[in-house]
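[1] any chance you can model this:
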Amino acid sequence: MIEVSVNQFRANIKSLVDRALSSHSTIRVKRRAGNDFVVLSAEDWEREQETLFVLQNRSLTSQISESVGTHNAGAGYSPSAEEMNEINRL
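    Numbers count the residues shown, from 1 in each chain. A predicted model of the protein is given here:
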């Protein structure tokens, strides 16, 4: 996470926003009186929201855990050659 003061942010807003967008960096803007704020790309914010949704959903986390166990045991579903060909055509 990049940390800058409000004055630094104000003076370099274009380059900092471009950096947040291109390198997926999060920028914490610190204020003298507290109440800091964070700048991140919309894409990164949406990804964080999706992650929080999954982590808060017990059913989904249970399914993920079960799937990892099945994968590690080598007992998961294996698509046929025909199904793989169809998948690869997409």
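
[2] distance of the residue of the chain most remote from its centre from residue 6?
    Relative to the C-alpha centroid of the chain, counting by Cα atoms, centre = their mean, residue 82 is the outermost residue, at 33.3 Å. Distance from residue 82 to residue 6, counting by Cβ to Cβ, to the nearest Å: 60 Å. (Glycine included, C-beta is placed from N, CA and C.)

[3] the residue farthest from the centre of the chain belongs to a helix?
    Yes. Per DSSP: H, G, I helix; E, B strand; the rest coil, residue 82 lies within a helix segment.

[4] please renumber the chain so that the first residue is 51 from this point on.
    New numbering, starting at 51: the last item is residue 132.

[5] with only the CA atoms kept, save the helix or strand hosting residue 115 in CSV.
    Take DSSP states H and E as the rule and residue 115 turns out to sit in helix 108-122. C-alpha atoms of helix 108-122 as CSV (Å, rounded to 0.1, in the frame of the first residue of the first chain):
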residue,chain,number,x,y,z
ARG,A,108,-20.8,-20.4,4.8
SER,A,109,-22.3,-22.5,2.1
LEU,A,110,-19.9,-21.2,-0.6
THR,A,111,-16.8,-21.6,1.7
SER,A,112,-17.9,-25.1,2.6
GLN,A,113,-18.3,-26.0,-1.1
ILE,A,114,-14.8,-24.5,-1.8
SER,A,115,-13.3,-26.5,1.0
GLU,A,116,-14.9,-29.7,-0.2
SER,A,117,-13.7,-29.0,-3.7
VAL,A,118,-10.1,-28.5,-2.6
GLY,A,119,-10.3,-31.8,-0.7
THR,A,120,-11.7,-33.6,-3.7
HIS,A,121,-9.0,-32.1,-5.9
ASN,A,122,-6.2,-33.0,-3.5
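
[6] counting contacts, what elements does it pack onto?
    Counting by 3 or more Cβ pairs under 8 Å, 6 or more residues apart in numbering; DSSP states H and E, the packing neighbours recorded for helix 108-122 are helix 92-106.
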